[in-house]
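Asker: Fold the following for me, if possible:
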Amino acid sequence: MLSTMQDVPLTVTRILHHGMTIHGKSQVTTWTGEPEPHRRSFAEIGARATQLAHALRDELGVDGDQRVATLMWNNAEHVEAYLAIPSMGAVLHTLNLRLPPEQLAWIVNHADDKVVIVNGSLLPLLVPLLPHLPSIEHVVVAGPGDRSALAGVTPRVHEYEELIAGRPTTFDWPELDERQAAAMCYTSGTTGDPKGVVYSHRSIYLHSMQVNMTESMGLTDKDTTLVVVPQFHVNAWGLPHATFMSGVNMLMPDRFLQPAPLADMIERERPTHAAAVPTIWQGLLAEVTANPRDLTSMANVTIGGAACPPSLMEAYDKLGVRLCHAWGMTETSPLGTMAHPPAGLSDEEQWPYRVTQGRFPAGVEARLVGPGGEHLPWDGESAGELEVRGPWIAAAYYGGSDGEHLRPEDKFSEDGWLKTGDVGVISTDGFLTLTDRAKDVIKSGGEWISSVELENALMAHPDVAEAAVVAVPDEKWGERPLATVVLKEGAADVDYEALKAFLAESGIAKWQLPERWSVIPAVPKTSVGKFDKKVIRRQYAEGELDVTQL
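Answerer: Reported below is the predicted structural model:
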C-alpha cells in the first residue's frame with residue numbers, strides 16, 4: 001500500500017526559494033577590514049544567485065551537470081554560488097585553498113571543472129596553476145585583488161559583478177532528481193590522493209534539517225552565526241544551506257581569520273553562535289587574554305575537526321562562552337554527533353558528557369567493530385573502529401568523469417557502512433568518545449595507548465600551548481609514545497620530568513607515560529587545521545627533532 005503524500009523532490013532549489021522569500025530580511029554580513037562590513041539580505045542574495053545562474057548558463061555554457069569550482073573565502077558571493085550552482089543542475093565544487101598546488105591541480109583535473117569562481121586576493125594561488133588545468137574554460141573573479149597576473153591566460157576571464165549585472169532575477173529552475181549530484185568536496189589527502197565525496201540534493205536538504213534541529217545547532221532567525229569554518233571544509237559544516245533554510249543571519253569573516261580581527265568582529269557584530277576547529281579558538285583565547293574583548297554574545301560555539309582539549313572548554317566557560325563538541329568528516333556531510341548533555345543534570349554532572357564527541361542524531365546509525373570484525377557492545381568500555389551509515393553518509397568515492405565510483409575495502413564494509421578510521425567507545429545512551437584515529441593509536445606491548453588522551457592531559461598544563469603525541473618504534477614494546485609540546489609564550493624552560501609527573505597526577509596509567517619528549521615551535525597542521533602527525537613521525541624518523549629520552 002502506497003501513501004497518499006505528494007512526492008516533492010528535496011532540492012537545494014527549494015532551500016534557495018524558501019530563504020529568499022520567507023526569510024528575505026535575514027542578512028549575510030561580510031567582514032571587509034573597513035570601518036563598516038558589507039551587508040546583503042537573503043532576498044538580495046537569492047536575486048543575485050538567480051542572476052549568477054543566468055550568467056553561468058547563457059554566457060559560460062553551463063547547461064547540465066558540469067562542475068563549477070569555487071576558490072573563495074567565506075563571503076556573500078560564495079553563498080550565492082552555493083545556492084545558484086546546484087539549483088540550476090550543475091555541481092558546486094569547493095576548492096581547498098590551503099592544499100599544496102600540485103594537489104589542487106590534481107583535484108581540479110579529476111573533477112573536470114569547467115568554470116572556477118575565484119576571489120581576487122587568491123589569484124596568486126590560481127594563476128600559476130592554470131596552464132596545468134586544461135578543463136578550465138572560464139575564470140570568474142570576485143572581490144578585491146590585483147588582476148595583472150591574468151594577462152595572457154588561456155581561459156576567458158570575467159568580472160563577477162559585470163557578469164551578473166542586468167540579468168533577470170527569475171529563472172526557470174529545472175525540476176531535479178533529488179538524488180542528483182549537487183556539490184562535491186575532496187578529502188584533504190593526508191594519505192594518498194584526495195578522494196572526492198559527492199553530495200546529493202537530498203542529502204544536503206536532510207543534513208540542513210538536522211543542523212537546524214535543537215539536538216544539533218538549533219539556531220533560529222533571531223541568531224547570527226559566525227561561520228569561521230571554511231566553505232571549502234565540508235560545505236562549512238552545512239551552515240550556509242542550513243541557515244538559508246531557517247533564516248539564521250550569517251557573519252562571514254572573508255580573509256580576516258586572524259585572532260585579532262575575529263575578536264573585533266565578535267565584539268562589534270555580536271554573533272550568538274560560531275563554528276570552527278580548536279586551533280581557531282586557541283588563538284582567539286590567547287588574543288583576548290592579552291587584549292580583552294567582550295565575547296559574551298557568543299553563547300554557543302560548535303567545535304569540531306579535531307578533539308577539543310577539556311582545558312580549552314574550561315577556559316571559555318569562564319568567559320561565558322560554551323563550546324560544544326561535534327564530530328564528523330567529509331564523508332558524513334559532516335554532522336555525525338553533537339555533545340549536548342541529557343536534560344536534568346547539574347553543571348558538574350554535564351561535564352562527562354560535554355567532553356565526549358556527542359550523541360548520534362536520528363539520521364546517523366553507528367556501530368563499533370573490533371579487530372576481528374566482531375560487533376562490539378555500547379557499554380562505554382569496548383573500544384573498536386566506528387562505522388556509520390545514513391542518508392547523508394557517503395557510500396563511495398567519486399571515480400572521475402569517465403570512471404565508476406570507488407568503494408575501497410578499507411573505507412567501506414561489504415554491507416555498505418562507512419569505516420571512519422576513528423577508534424572509540426559508545427555509552428549505553430549513545431554518546432561517542434573517540435580515543436584515537438586508527439592510524440594514530442599507539443600499540444605498545446599488545447595494548448593500546450590513546451594519543452588524544454595524552455595530548456588533552458598535556459594541554460591542561462599551564463605552560464603548554466599545544467601538544468601532539470605520536471607512536472615511534474621501540475625494540476622492547478613495538479611502539480611507545482613520543483610527546484611533542486609547544487610552550488606558551490613566556491613559559492619557563494621545559495622540565496620533562498615535571499611534565500611526566502603532571503600526566504601521572506592527571507590519572508594517566510604509569511605504563512602509558514612517554515619516555516621520549518621534544519619541544520617544537522608549532523604542531524604541524526593539515527589544510528583544515530588538524531594535527532598532521534605524519535609530519536612529526538617523519539621528522540622523528542629522519543632525526544630532525546631534538547628528543548630527550550627519560
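Asker: I figured residue 70 was touching residue 97, is that so?
Answerer: No: the criterion here is CB atoms under 8 Å, and residue 70 misses it with residue 97 at 9.7 Å. (Glycine included, C-beta is placed from N, CA and C.)
Asker: who touches both of those two?
Answerer: Common neighbours of residue 70 and residue 97, counting by CB atoms under 8 Å, 6 or more residues apart in numbering, are residue 232.
Asker: the more surrounded of the two?
Answerer: residue 70 (26 against 20; other CB atoms under 10 Å).
Asker: Now tell me which helix or strand of this structure has the poorest mean pLDDT.
Answerer: The helix or strand of the chain with the poorest confidence is strand 447-449; it has a mean of 78 (mean pLDDT, DSSP states H and E).
Asker: Return the list of helices and strands in contact with it.
Answerer: Counting by 3 or more CB pairs under 8 Å, 6 or more residues apart in numbering; DSSP states H and E, the packing neighbours recorded for strand 447-449 are strand 442-444.
Asker: For the strand it packs on, which helices and strands make contact with it?
Answerer: Applying 3+ CB pairs under 8 Å, 6+ apart, we find strand 442-444 packed against strand 447-449, strand 464-474, strand 478-487.
Asker: so what's residue 363 up against?
Answerer: Applying CB under 8 Å, 6+ apart, the residues contacting residue 363 are 206-207, 210, 390-392.
Asker: Closest one to residue 348 out of the residues you listed, please.
Answerer: Lowest distance from residue 348 to these (CB to CB) belongs to residue 210, with 29.6 Å.
Asker: Number of residues surrounding the closest one?
Answerer: Neighbourhood size, residue 210 [other CB under 10 Å]: 22.
Asker: That one in helix, strand or coil?
Answerer: Three-state assignment for residue 210 (DSSP: H, G, I helix; E, B strand; the rest coil): helix.
Asker: hmm, back to that, tell me which of the helices and strands packed on strand 442-444 sits nearest to residue 1.
Answerer: strand 447-449 (50.7 Å).
Asker: Buried residues in that closest one, which are they?
Answerer: The neighbour-count check on strand 447-449 (16 or more other CB atoms under 10 Å) flags residue 449 as buried.
Asker: Give me the contact list for that strand.
Answerer: Contact with strand 447-449 is made by 383, 423, 435-436, 441-443, 481, 511-512, as judged by CB under 8 Å, 6+ apart.
Asker: Tell me which helix or strand comes right after it.
Answerer: Heading C-terminal from strand 447-449, the first helix or strand you meet, by DSSP states H and E, is helix 451-458.
Asker: If you count contacts, what does that following helix end up packed against?
Answerer: In terms of contacts (3+ CB pairs under 8 Å, 6+ apart), helix 451-458 is packed against strand 431-437, strand 464-474, strand 478-487, helix 496-505.
Asker: Strands of the stretch 301-450 of the chain, start to end?
Answerer: 322-327, 337-338, 358-359, 365-369, 375-376, 384-389, 418-426, 431-437, 442-444, 447-449 (DSSP state E, counting those that start in this stretch).
Asker: And those strands, which one averages the lowest pLDDT?
Answerer: Per-stretch mean pLDDT for those is lowest at strand 447-449 (a mean of 78).
Asker: In its sheet, which strands sit next to it, and in what direction?
Answerer: Partners of strand 447-449 in the sheet, by DSSP bridges, are strand 442-444 (antiparallel).
Asker: Contacts only, for the closest residue to residue 170 other than its chain neighbours.
Answerer: Of all residues not flanking residue 170 in the chain, residue 50 sits nearest, at 6.4 Å (CB to CB, 6 or more residues apart in numbering). Taking CB under 8 Å, 6+ apart, we find residue 50 in contact with 84, 167-171.
Asker: If we use 10 Å, what do you get?
Answerer: By CB atoms under 10 Å, 6 or more residues apart in numbering, residue 50 lies in contact with 16-17, 20, 80, 83-84, 87-88, 164, 167-171, 173.
Asker: so which of these comes closest to residue 255?
Answerer: Of all the contacts of residue 50, residue 255 sits closest to residue 80, with 17.6 Å by CB to CB.
Asker: just to revisit the earlier point, what's the most buried one of the strands of the stretch 301-450 of the chain?
Answerer: Highest mean neighbour count of these: strand 337-338, a mean of 26 (counted as mean count of other CB atoms under 10 Å).
Asker: For that strand, name the packing helices and strands.
Answerer: strand 322-327, strand 358-359, strand 431-437 (3 or more CB pairs under 10 Å, 6 or more residues apart in numbering; DSSP states H and E).
Asker: swap the cut-off to 8 Å and go again
Answerer: strand 322-327, strand 358-359.
Asker: Other residues contacting that strand?
Answerer: Residues contacting strand 337-338 (CB under 8 Å, 6+ apart): 215-217, 302, 324-328, 357-361, 364, 431-432.
Asker: who does residue 326 bridge with?
Answerer: residue 338.
Asker: Hmm, it is touching residue 306, no?
Answerer: No: the criterion here is CB under 8 Å, and residue 326 misses it with residue 306 at 11.0 Å.
Asker: pLDDT weak spots in the stretch 51-200 of the chain?
Answerer: The stretch 51-200 of the chain contains residues with pLDDT under 70 at 189-192.
Asker: Quick one: the helices in it, in order.
Answerer: Taking DSSP state H, counting those that start in this stretch as the test, the helices found in the stretch 51-200 of the chain are 76-87, 101-111, 123-126, 160-164.
Asker: any chance of those helices in JSON lines, plus mean neighbour count?
Answerer: Formatted as JSON lines, the helices of the stretch 51-200 of the chain follow (neighbours: other CB atoms under 10 Å):
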{"stretch": "helix 76-87", "mean neighbour count": "27"}
{"stretch": "helix 101-111", "mean neighbour count": "18"}
{"stretch": "helix 123-126", "mean neighbour count": "19"}
{"stretch": "helix 160-164", "mean neighbour count": "18"}
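Asker: of these, which approaches residue 452 most closely?
Answerer: Nearest to residue 452 among the helices of the stretch 51-200 of the chain is helix 101-111 (26.3 Å), distances taken as CB to CB.
Asker: tell me what the closest one is packed against?
Answerer: Judged by 3+ CB pairs under 8 Å, 6+ apart, the packing partners of helix 101-111 are strand 67-71, strand 181-186, strand 196-200.
Asker: Go through the contacts of residue 363 and name the one nearest residue 347.
Answerer: For the contacts of residue 363, the nearest to residue 347 is residue 210 (26.9 Å; CB to CB).
Asker: Contacts only, for the closest one.
Answerer: Neighbour list for residue 210: 216, 335, 361-363, 392 [criterion: CB under 8 Å, 6+ apart].
Asker: pLDDT and distance to residue 158 added to those, as TSV?
Answerer: Converted to TSV, the contacts of residue 210 look like this (pLDDT from 0 to 100; distance: CB to CB, whole Å):
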residue	pLDDT	distance to residue 158
216	97	38
335	97	35
361	96	41
362	94	44
363	95	39
392	98	34
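Asker: Please check those and keep the buried ones.
Answerer: 216, 335, 361, 363, 392.
Asker: Which one of these is nearest to residue 295?
Answerer: Closest approach between these and residue 295, by CB to CB: residue 216, at 22.3 Å.
Asker: wait, isn't residue 248 in contact with residue 218?
Answerer: No: the criterion here is CB under 8 Å, and residue 248 misses it with residue 218 at 10.1 Å.
Asker: out of the two, which sits in the more crowded spot?
Answerer: residue 248 (26 against 15).
Asker: so what's the more buried one closest to, chain neighbours aside?
Answerer: Nearest-residue entry for residue 248: residue 219, 4.5 Å, with adjacent residues in sequence omitted and distances by CB to CB, 6+ apart.
Asker: Distance-wise, check that neighbour relative to residue 275.
Answerer: 10 Å (CB to CB, to the nearest Å).
Asker: now swap in residue 532 and tell me
Answerer: 22 Å.
Asker: Which one's more surrounded, the two?
Answerer: residue 275 (24 against 17).
Asker: Do you know the pLDDT at the spatially most central residue of the chain?
Answerer: By CA atoms, centre = their mean, the mean C-alpha position of the chain lies nearest to residue 233, the distance being 4.2 Å. With respect to pLDDT, residue 233 scores 93.
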